[in-house]
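**Student:** When you get a sec, could you give me coordinates for this:
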Amino acid sequence: MEVLSDVLDEGQIMIAIGQEAPDFTLPNQDGEYVRLRDLRGRAVVLFAFPRAGTYG
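**Tutor:** Numbering: from 1, shown residues only. Next up, the predicted model:
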């Protein structure tokens, strides 16, 4: 299972406007894992907080 940290570790942090995002998996608010590819064709909002102690 490729989680977002794996994608970021590979250096794929920035994508261009209109470019398709790479597939990744994240836990939702209920702790269940959700894959981006399962949401294709639907509106998706990803909200992330910076790590504690970092600039952001």
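**Student:** Which of the helices or strands spans Val34?
**Tutor:** In the assignment (DSSP states H and E), Val34 maps to strand 33-35.
**Student:** can you count the residues close to Pro22?
**Tutor:** Using other Cβ atoms under 10 Å, Pro22 has 14 neighbouring residues. From N, CA and C alone the C-beta is placed, and that goes for glycine too.
**Student:** What distance do you get for it to Met14?
**Tutor:** 11 Å (Cβ to Cβ, to the nearest Å).
**Student:** what is in contact with those two at once?
**Tutor:** Counting by Cβ atoms under 8 Å, 6 or more residues apart in numbering, no residue touches both Pro22 and Met14.
**Student:** List the strands paired with the strand holding Val34, with their directions.
**Tutor:** strand 25-27 (antiparallel) (DSSP bridges).
**Student:** what is the rounded mean pLDDT of the partner strand?
**Tutor:** For strand 25-27, mean pLDDT is 88.
**Student:** Quick one: the helices in the protein, in order.
**Tutor:** Per DSSP state H, the chain carries helices over the ranges 4-9.
**Student:** residue ranges with poor pLDDT in it?
**Tutor:** Applying pLDDT under 70 to the chain picks out residues 1-13, 50-56.
**Student:** could you redo the last one with a cut-off of 90?
**Tutor:** Along the chain, segments meeting pLDDT under 90 span 1-24, 26-29, 31, 40-41, 43-56.
**Student:** what's in contact with the strand holding Val34?
**Tutor:** Residues contacting strand 33-35 (Cβ under 8 Å, 6+ apart): Met1, Asp23, Phe24, Thr25, Leu26, Pro27, Asn28.
**Student:** Would you mark the buried spots in that strand?
**Tutor:** By neighbour count with 16 or more other Cβ atoms under 10 Å, strand 33-35 contains no buried residues.
**Student:** In contact with Ile15: list those residues for me.
**Tutor:** So Ile15 contacts Ala21, Pro22 (Cβ under 8 Å, 6+ apart).
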